[in-house]
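>>> Have a look at this prediction, sequence included:
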Amino acid sequence: MTQSSGLTRRGVTLIELMITLVVFGIVVAGALQLLDSQGKAVRLGNQKLGALQQLQFSMSTLDNQIRIAGGGVVANQPFLVYAGTDVIAFNADYATNVANDPFAAYYDPDAPNGTVSAMKLADKRELTNTTFEYPLASFAPSPAETITFFFAPDTGTARTDDAILFRQVNADPPEVVARNIISNTGTPYFTYMRVVAPKDKAEYIDSVKTKDLPLMHSEPQHLSPKDVDAKALIDSVRAVRVTLTVTDGNTGAAEHRRTLTHLITMPNAGLVTDRSCGDEPQLSTTLQAVFVELTPGDTAIRLQWNPSVDELSGEKDVVRYVVWRKLQGAADWGDPYVSMPGGQDPYIWLDYGWEHGSTYLFRVAAQDCSPSYSPFVESSPVTVPVAVP
């Protein structure tokens with residue numbers, strides 16, 4: 001006979017189960033609502049951050065490049081080409097594809113040759129978003145290329161106030177700098193400050209009225225006898241004020257915008273090159289190329305040459321020396337290998353970029369401020385010994 005333990009097992013009633021499910025549903029709904037609100041907050045934060053980053057990058061790019069306008073221009077080449085409310089074009093030696101070029105602002109070994117020097121008259125084109133053709137004269141071989149920034153409507157969105165900031169170098173295709181820029185209403189993207197020099201008063205800075213824009217360097221040669229009065233107004237510009245408004249991409253009440261105004265000065269504006277560049281420089285020297293051991297285990301090809309006669313005498317216009325290198329038997333010299341600024345005597349270059357067992361040829365030329373090359377001076381072949389195991 002089995003005796004009962006005295007304990008009775010009791011199940012969950014339907015009402016209790018329903019109450020539990022309702023409470024669980026309320027908790028889950030609250031958690032989902034919290035997660036959704038947090039997700040929206042994260043997305044909104046990312047959108048705001050993205051807009052702010054676009055704004056900072058756009059302004060930094062404009063400041064970085066407009067600031068060097070006029071750097072590296074040659075005689076009679078204008079520093080500012082076009083100044084409009086949505087387009088600015090200027091000349092500057094911004095990039096080079098020649099290693100150790102001491103004059104360009106940046107070195108880009110992959111930069112196409114057509115984007116690291118001035119356009120020729122034969123390359124004359126209409127500046128994008130304008131009816132102004134440039135150049136009106138040849139300044140080649142000048143190292144200062146023409147850089148254009150312009151705003152254009154973004155046809156890839158449904159908005160009618162969306163714009164894209166583009167950058168273009170010479171006649172290369174424009175590249176996108178930033179999107180989600182709002183077309184300014186009442187405030188131009190670009191406004192300008194100019195120096196005013198009255199005959200009977202001290203110089204002062206004044207703004208250029210929007211109604212007087214665009215300004216264009218319509219006289220082919222900068223500082224020519226005809227580059228005066230209204231034609232010279234663009235030459236008096238010394239700064240540009242940039243006003244940018246960006247959006248996070250939303251519309252209506254959900255949209256967030258950020259506006260930034262920044263004044264960019266042009267410290268190279270108005271500077272006149274006092275060097276005169278006439279005939280091509282002369283380089284009456286020999287180029288020595290020798291494989292040497294500098295210290296135990298440290299070997300190099302040592303190049304040495306003497307200064308051009310036009311560096312310290314004659315026209316005194318030599319600014320740099322350019323070196324080429326090629327393997328013996330190669331069809332052509334290709335692009336320059338390295339450049340060195342003037343001011344040394346003698347010139348010495350140590351080349352470490354060789355391979356054992358190879359034979360190399362070098363050549364050097366002086367370059368003046370036009371910048372023209374002297375006749376090339378070529379070295380004798382130099383062979384790098386085979387590496388000893």
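That came through, no problem.
>>> residues in contact with stretch 151-165?
Applying CB atoms under 8 Å, 6 or more residues apart in numbering, the external contacts of stretch 151-165 come out as 58, 86-87, 128-129, 149-150, 166, 176-183, 189, 247, 251. For glycine as for every other residue, the C-beta is placed from the backbone atoms N, C-alpha and C.
>>> what about 7 Å?
The contact list for stretch 151-165 (CB atoms under 7 Å, 6 or more residues apart in numbering) reads 58, 86, 129, 149, 166, 176-183, 189.
>>> and if you look at stretch 345-358?
With CB under 7 Å, 6+ apart, stretch 345-358 has contacts from 300-307, 321, 323, 327, 338, 340, 360, 384-387.
>>> buried stuff in it?
For stretch 345-358, the neighbour count (16 or more other CB atoms under 10 Å) marks Y347, W349, D351, W354 as buried.
>>> Now the terminal residues of it, how far apart.
The straight-line separation of the ends of stretch 345-358 (CA to CA, to the nearest Å) is 29 Å.
>>> next one: stretch 333-346
Chord length of stretch 333-346, first to last residue, is 24 Å (CA to CA).
>>> now swap in stretch 339-354 and tell me
End to end - CA to CA - stretch 339-354 spans 17 Å.
>>> In terms of helices and strands, where is R258?
Taking DSSP states H and E as the definition, R258 sits inside strand 257-265.
>>> swap in D310?
Here D310 is assigned to helix 309-312, by DSSP H and E.
>>> Ok, L62 next?
With DSSP H and E as the test, L62 turns up in helix 14-66.
>>> that older thread, need the contacts of stretch 151-165 in TSV (columns: distance to W333).
Below are the contacts of stretch 151-165 laid out as TSV (distance: CB to CB, whole Å):
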residue	distance to W333
S58	40
D86	43
N129	40
F149	35
F166	35
V176	36
V177	35
A178	40
R179	42
N180	46
I181	45
I182	50
S183	49
Y189	44
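>>> The stretch 251-389 of the chain: strands as residue ranges?
Remark: strands assigned in the stretch 251-389 of the chain by DSSP state E, counting those that start in this stretch are 257-265, 288-295, 298-305, 318-327, 338-341, 347-351, 359-368, 377-378, 382-383.
>>> Show me the one of these that comes nearest Y82.
strand 257-265 (15.8 Å; CB to CB).
>>> For the closest one, list every residue counted as buried.
Buried, per 16+ other CB under 10 Å, within strand 257-265: R258, I264.
>>> sorry, back to before: mind putting the contacts of stretch 151-165 into a markdown table with pLDDT and secondary structure?
Shown next, in a markdown table, are these (pLDDT from 0 to 100; DSSP: H, G, I helix; E, B strand; the rest coil):
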| residue | pLDDT | secondary structure |
| --- | --- | --- |
| S58 | 91 | helix |
| D86 | 95 | coil |
| N129 | 92 | coil |
| F149 | 97 | strand |
| F166 | 96 | strand |
| V176 | 95 | strand |
| V177 | 94 | strand |
| A178 | 91 | strand |
| R179 | 86 | strand |
| N180 | 85 | strand |
| I181 | 90 | strand |
| I182 | 87 | strand |
| S183 | 80 | coil |
| Y189 | 95 | coil |
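>>> Nearest to L80 among these?
F149 (12.4 Å).
>>> neighbours around that closest one, how many?
A count of neighbours around F149, defined by other CB atoms under 10 Å, yields 25.
>>> what sits against it?
By CB under 7 Å, 6+ apart, the neighbours of F149 are L62, I88, L165, R167.
>>> which residues of this structure score low on pLDDT?
The model of the chain has pLDDT under 70 over residues 1-12, 36-50, 140, 184, 271-278, 314, 388-389.
>>> From V242, how far out is the residue nearest the centre of it?
Centroid check for the chain by CA atoms, centre = their mean gives Q65 as the closest residue, at 5.6 Å. Using CB to CB, to the nearest Å, Q65 is found at 12 Å from V242.
>>> what's the answer for T185, then?
16 Å.
>>> E280 reaches S372, doesn't it?
Yes - contact criterion CB atoms under 7 Å: E280 and S372 qualify, at 4.2 Å.
>>> more crowded one of these two?
E280 (19 against 16).
>>> sorry, back to before: find the pair from the contacts of stretch 151-165 with maximum spatial separation.
Maximum distance among those (CB to CB): 19.0 Å, for N129 and N180.
>>> Those two: which has the busier surroundings?
N180 (23 against 17).
>>> is it true that that one touches N250?
No - using CB under 7 Å, N180 makes no contact with N250, being 10.3 Å away.
>>> and the spatially closest residue to V177 that is not a sequence neighbour, how many residues sit next to it?
Leaving aside its sequence neighbours, V177 sits nearest to L165 (CB to CB, 6 or more residues apart in numbering; 4.3 Å). For L165, the count of nearby residues is 24 (other CB under 10 Å).
>>> Give the partner strands of the helix or strand encompassing L165 in its sheet and their orientations.
Secondary structure assignment for L165, by DSSP H and E: strand 162-169. With DSSP bridges as the test, strand 162-169 is paired with strand 145-153 (antiparallel), strand 175-182 (antiparallel).
>>> Just name the most buried of the ones you listed.
strand 145-153 (a mean of 21; mean count of other CB atoms under 10 Å).
>>> got the CA coordinates for that one in PDB?
Coordinates of each C-alpha in strand 145-153 appear next as PDB, following Å, rounded to 0.1, in the frame of the first residue of the first chain:
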ATOM      1  CA  GLU A 145      49.100  74.400 -63.600                       C
ATOM      2  CA  THR A 146      45.600  75.800 -63.700                       C
ATOM      3  CA  ILE A 147      43.300  74.600 -60.900                       C
ATOM      4  CA  THR A 148      39.600  75.200 -61.100                       C
ATOM      5  CA  PHE A 149      37.000  74.600 -58.300                       C
ATOM      6  CA  PHE A 150      33.300  74.900 -59.300                       C
ATOM      7  CA  PHE A 151      29.900  74.000 -58.100                       C
ATOM      8  CA  ALA A 152      27.300  72.300 -60.300                       C
ATOM      9  CA  PRO A 153      23.800  70.900 -59.600                       C
END
